[in-house]
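Give me a 3D structure for the following:
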Amino acid sequence: MCLAIPSKIVEIEDSIGTIDVDGVRRKASLLLIEDARIGDYVIVHAGFAIHKIDESVAMESLAILREAASILDD
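A predicted model of the protein is given here:
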């Protein structure tokens, strides 16, 4: 099973983006995303950004994931 976590593009160099999720940064290929820009939110699978999503949808998804994580911690 794969969990789709929205990630924000914070840097782009050639076709590689640095993505950020709550301060955790890693690299992802942007080859599959048309017109990727810094500030876009993307879904990443196996090191490739595969889909752009709206910022409001990304924020809602991240809030739900944080809530679920806090329930599991309790």
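
for the chain, what's the longest strand?
Longest strand in the chain by number of residues, with DSSP state E as the criterion: strand 6-13.

model confidence over that one, on average?
Confidence over strand 6-13 (mean pLDDT, whole number) is 97.

Could you do stretch 54-70 as well?
Mean pLDDT, taken over the full extent of stretch 54-70, equals 92.

before we move on, what about stretch 18-26?
Stretch 18-26 shows a mean pLDDT of 94 in the predicted model.

List of residues touching that stretch?
When contacts are defined by CB atoms under 8 Å, 6 or more residues apart in numbering, stretch 18-26 is touched by residues 5-12, 27-28, 42, 44, 49, 62. Heads up, the C-betas are built off the backbone N, CA and C, glycines and all.

what lines up beside the longest strand of the chain in the sheet?
Here strand 6-13 has these sheet partners by DSSP bridges: strand 16-21 (antiparallel), strand 41-45 (antiparallel).

re earlier: need the max-distance pair from the contacts of stretch 18-26.
Taking CB to CB, the two most distant members of those are 12 and 62; they sit 21.2 Å apart.

Counting neighbours, which of the contacts of stretch 18-26 end up buried?
Neighbour-count burial within those applies to 6, 7, 8, 9, 28, 42, 44, 49, 62; the criterion is 16 or more other CB atoms under 10 Å.

Okay, the third one and residue 71: tell me how far apart.
In this view, residue 8 and residue 71 are 24 Å apart by CB to CB, to the nearest Å.
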